[in-house]
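Enquirer: Next one to model:
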Amino acid sequence: MTIDTTYRLHESLGFQLTITSRFQEHHLEEQLKTLGLTRITWCILLAVENEKMENPSDIANFVGIDRTAASRALRQMENDGMIRRIGGNSDKRKTTVCLTTLGQILVTKATPMAQTTASNYKKKLSEGEFATLRALLAKLLEGEDTALKSL
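Expert: Numbers count the residues shown, from 1 in each chain. Next up, the predicted model:
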């Protein structure tokens, strides 16, 4: 049996994307942790505050997680005082999500952290390189189901 040894892990696109993503995520998560946030809770806060989303399914789709993971995160965020979930008057199955004062404060404090982290990576590229990278990443995602079970 002949084994193909031509594949090189460190040269593969998947490995390079993963490592780059993990470094960026790690830097952001270390910052967010000082506020008691995770990457998921941060993304949910942004969905509600910046994107004006209030439906849990829409929030889950925006963040890229399934509805079960979103429900779990929303429940924890509510317990931590970041959000409120309000049941519908006529349909108790309809839930509306809104930020509490604490949630709004966390968005205000975490936004500069996220901007700094993003800037640290963006400044390594020229504007043209950055635009090309974003276009190429979007092209790689075409046709993919971006709702991951977990991020």
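Enquirer: mind checking the SS state of Leu125?
Expert: coil (DSSP: H, G, I helix; E, B strand; the rest coil).
Enquirer: let me fix that: Val97
Expert: Per three-state DSSP, Val97 ends up strand.
Enquirer: How much space separates it from Asp58?
Expert: Distance of Val97 to Asp58, computed by Cβ to Cβ, to the nearest Å: 9 Å. Where you see a C-beta, it was placed from the backbone N, CA and C, and this is true even at glycine.
Enquirer: out of these two, which sits in the more crowded spot?
Expert: Val97 (22 against 16; other Cβ atoms under 10 Å).
Enquirer: Need the pLDDT of Asn89.
Expert: With respect to pLDDT, Asn89 scores 57.
Enquirer: which residues in this structure form helices?
Expert: Assigned by DSSP state H, the helices in the chain fall at 13-33, 39-49, 56-63, 67-79, 101-122, 127-141.
Enquirer: Need the residue closest to the centroid of this structure.
Expert: Nearest to the mean C-alpha position of the chain, counting by Cα atoms, centre = their mean, stands Cys43 at 4.5 Å.
Enquirer: For it, give its distance to Ile65.
Expert: Counting by Cβ to Cβ, the gap from Cys43 to Ile65 is 8 Å.
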